[in-house]
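> pasting the sequence and the predicted model now:
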Amino acid sequence: MRRVQTMNWWLVVVGLLVAVAPFAFGFNGIAAALWTFLVVGLAVAVMAGISASIEEEGTIKLLDWITAALGVALILAPFVLGYMAAMAALYTGILGGAAIVALAVWGEVMLGREMGHAL
C-alpha cells in the first residue's frame, strides 16, 4: 500500500502543477483554459490526497479511475473548448493529462499487485 500512496502523492504534485500552469505559462487570459486547468488540477490534487490518506481499497480504486478520467478530460479540453490555437495551453493540457492518466493507471496496477489480484 505504501507504493500506491507514494504514487498518489505524486498525483497531488502533478495536480497542483496543472492548477498553476495557466499563470506559469501565460495562458491565464484564456478563460476556458484557465478554469479547466484550475478545476481539473485542484480536483486531481484533492482526490489523490484523499486516496493517499486512506486504506479502503474500493475507495482508492474509484478515486484513481475518476482521476484518470480527469486526465483524459484535460487532454481533450483544448479541442472541445476551442483553445487549441494557444499552443502553451494545448501542449500543457496534453502532457499534464497524460501524466495524470499514467500515474493514476500505474497506481491501479500497483494496488492490484499489492492486493494480490489484477485490475
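Happy to help now that I have it.

> low-scoring pLDDT stretches of this structure, where are they?
Applying pLDDT under 70 to the chain picks out residues 1, 113-119.

> hmm, 90 instead?
The model of the chain has pLDDT under 90 over residues 1-8, 51-52, 54-61, 107-119.

> residue boundaries of the helices in it?
Along the chain, counting by DSSP state H, helices occupy 2-24, 31-53, 57-81, 87-115.

> mind listing what's buried in the last one?
What that stands for is helix 87-115. By 16 or more other C-beta atoms under 10 Å, the buried positions in helix 87-115 come out as 88-90, 92-94, 96-97, 99-101, 103-108, 110-111. C-beta: built from backbone N, CA, C; applies to glycine.

> any idea how far the closest residue to Val4 other than its chain neighbours is from Ala48?
Nearest non-adjacent residue to Val4, counting by C-beta to C-beta, 6 or more residues apart in numbering: Leu111, 4.8 Å away. Separation of Leu111 from Ala48 (C-beta to C-beta, to the nearest Å): 13 Å.

> kindly report the same for Val4.
Distance, Val4 to Ala48, using C-beta to C-beta: 11 Å.

> so the two - more neighbours on which side?
Using other C-beta atoms under 10 Å as the criterion, Val4 and Ala48 rank with Ala48 on top: 28 against 22.

> how near is that one to Phe23?
For Ala48 relative to Phe23 (C-beta to C-beta), the value is 21 Å.

> ok, how many other residues are close to Glu56?
For Glu56, the count of nearby residues is 10 (other C-beta under 10 Å).

> list the contacts of the residue positioned nearest the centre of the chain.
The centroid of the chain falls nearest to Ile100 when counting by C-alpha atoms, centre = their mean (3.6 Å). Going by C-beta atoms under 8 Å, 6 or more residues apart in numbering, Ile100 touches 11, 14-15, 18, 44, 67-68, 70-71, 74.

> among the residues you listed, which pair sits farthest apart?
Greatest spatial distance in the contacts of Ile100: Val18 and Ala68, 13.9 Å, computed using C-beta to C-beta.
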